[in-house]
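In: When you get a sec, could you give me coordinates for this:
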Amino acid sequence: MSKTQDIIIIGGGIVGLATALQLLRKNPSLDLTIIEKERTVAAHQTGHNSGVIHSGLYYKPGSLKAQNCLLGYKLLLEFCEQENIPFDLCGKIVVATREDEIPRLKDLHERGMANGLVKNTWIGAEEIKEIEPHCAGISGLRVPYTGIVDYKVVSEKIAEIIQTRFGAEIHFGEKVIGIDRKEDLMHVITEKQTLQAKQIINCAGLYSDKVAKFTVPKLDVKILPFRGEYYELKPEKEYLVKNLIYPVPDPAFPFLGVHFTRMIGGGVEAGPNAVLAFAREGYTKSDINVKELTETLMWPGFQKIAVKYWQTGFGEFYRSYSKKAFTKALQRLIPELQPNDMVRGAAGVRAQACHRTDGLIDDFMILQEPGVVNVCNAPSPAATSALSIGFTVAGLIQK
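Out: Numbering: from 1, shown residues only. Prediction:
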């Protein structure tokens, strides 16, 4: 048995890393270890997202998402400036293409104002054309706060800092297979060894519910994996998009709809759709884990949302297999776009928590038990919010 750690964090994505950084900033003498089952940090959700720095536009005022996104945004920009990480506050526009979308866009504008985004401006069709000449829309919302960054680069820098400046350890290639509580210590069992700590923080992302059940056996929450598939504009067609163009989201569905995103490293992504993945790390259509898929399909909460959203879900699946249908959805924003203007791009998987009876959980979900903090739901905007989530978790640990 190795020496007793003060804190063990399970998961080396941006949330786990940011939590470690905030804890060590508060108490540099902590003995802290991160356990990551992959060979690198940011191997899953963090390393597969589109790199958007979210402003806090969409989230209910006072919610954990709103609070952590607004503070996380500020902390992220400060960190990138301090560590010379490239980012660009290029702004975005949210575009209404139909009259029935305008009331929802106005609601979004009001929500943004309630969250302190006072520089957002209402724009008309002519102003849309001035900002994005190839975009069609009858009204829009200009959000100058939105930006782009490479979250994998951010994560790698945090990992470097916590190891070199604070002496923390990261154990790669170790999967946690159990957690035991013995007297006042938590024993974390991996495939290679058993470690012990005074406190554990679960930031396991796509497997956060599985890890949480080691200490909360009656957990009524399951992670559902939703794959987001992207196309990329061909280089000769990148002129169609200057920065970021979003549709007005459906308030009843926890995804933002297909949109256009300029990337910090160059290029323009188009997407994502949102389809149920057949494995928690199912980045392609052929990635199937029968056990995980069965668990998803048998979950009462999934069955409830399947009944509620079956038409939307069918449309997402259809777009997954039809480039023509995917293009048609994008043409609402840029009518001149054609299927042969794009090539298949990357894909990511979103860990979306679903309650047994109440369906999809919209807000961040952080559960605290004696000796354990479980971050059970941290989908978008978790990357933007990570340093704030870390600050929040550090406060819980201190208590």
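In: Low-confidence ranges, the protein, go.
Out: Filtered on pLDDT under 70, the chain yields the residue ranges 1-2, 251-254.
In: at 80 what do you get?
Out: 1-2, 250-256, 398-399 (pLDDT under 80).
In: residues near residue 399, how many?
Out: Applying other Cβ atoms under 10 Å, we find 6 residues neighbouring residue 399. Every C-beta, even on glycine, is put in place using the N, C-alpha and C of the backbone.
In: Quick check: it vs residue 393, distance?
Out: As judged by Cβ to Cβ, to the nearest Å, residue 399 and residue 393 stand 11 Å apart.
In: cool, residue 240 as well?
Out: Using Cβ to Cβ, one gets 41 Å for the distance from residue 240 to residue 393.
In: cool, and residue 369?
Out: From residue 369 over to residue 393 the distance is 13 Å, taken as Cβ to Cβ.
In: so which helix or strand takes in residue 317?
Out: helix 310-321 (DSSP states H and E).
In: How about exporting that helix as CSV, limited to the C-alpha atoms?
Out: Below are the C-alpha coordinates for helix 310-321, written out as CSV (Å, rounded to 0.1, in the frame of the first residue of the first chain):
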residue,chain,number,x,y,z
TRP,A,310,-38.7,10.3,-30.9
GLN,A,311,-39.4,12.6,-33.8
THR,A,312,-36.3,14.8,-33.0
GLY,A,313,-34.2,11.7,-32.4
PHE,A,314,-35.3,10.1,-35.7
GLY,A,315,-34.3,13.3,-37.5
GLU,A,316,-30.9,13.3,-35.9
PHE,A,317,-30.3,9.7,-36.9
TYR,A,318,-31.4,10.4,-40.4
ARG,A,319,-28.9,13.2,-40.7
SER,A,320,-26.2,10.9,-39.3
TYR,A,321,-26.6,8.6,-42.3
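In: what's the first-to-last distance across stretch 351-371?
Out: In stretch 351-371, first residue to last residue: 24 Å (Cα to Cα, to the nearest Å).
In: what comes up buried for that stretch?
Out: Neighbour-count burial for stretch 351-371 flags 351-355, 359-367, 371 (criterion: 16 or more other Cβ atoms under 10 Å).
In: which of the residues you listed sit farthest apart?
Out: 359 and 371 (30.2 Å; Cβ to Cβ).
In: Residue 12: neighbour count?
Out: Residues within reach of residue 12, counting by other Cβ under 10 Å, total 30.
In: residues in contact with it?
Out: Neighbour list for residue 12: 34-36, 38, 40-43, 155, 159, 170, 172 [criterion: Cβ atoms under 8 Å, 6 or more residues apart in numbering].
In: Next, the contact list for residue 185, please.
Out: 4, 196-198.
In: buried set for stretch 166-185?
Out: Within stretch 166-185, the residues scored as buried using 16+ other Cβ under 10 Å are 166, 168, 170-171, 174, 176, 179.
In: ok, back up a step: can you redo the contacts of residue 12 as a markdown table with distance to residue 304 and secondary structure?
Out: Supplementary listing: the contacts of residue 12 in a markdown table, determined by distance: Cβ to Cβ, whole Å; DSSP: H, G, I helix; E, B strand; the rest coil:
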| residue | distance to residue 304 | secondary structure |
| --- | --- | --- |
| 34 | 35 | strand |
| 35 | 34 | strand |
| 36 | 33 | strand |
| 38 | 32 | coil |
| 40 | 37 | coil |
| 41 | 35 | coil |
| 42 | 33 | coil |
| 43 | 31 | coil |
| 155 | 34 | helix |
| 159 | 39 | helix |
| 170 | 39 | strand |
| 172 | 38 | strand |
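In: Any of the residues you listed buried? List them.
Out: Of the members of those, the ones counted as buried by neighbours, 16+ other Cβ under 10 Å, are 34-36, 38, 41-43, 155, 159, 170.
In: picking up where we left off before, who's more crowded, residue 240 and residue 393?
Out: residue 393 (26 against 20).
In: rewinding a little: contacts for the helix holding residue 317 next, please.
Out: 229, 250, 253, 258, 273-276, 285, 306, 325-326, 329.
In: what's the distance between the helix or strand just after that helix and the middle of its chain?
Out: Next helix or strand after helix 310-321 toward the C-terminus (DSSP H and E): helix 323-331. Between the centre of helix 323-331 and the centre of its host chain there is 24 Å, according to Cα atoms, centre = their mean, to the nearest Å.
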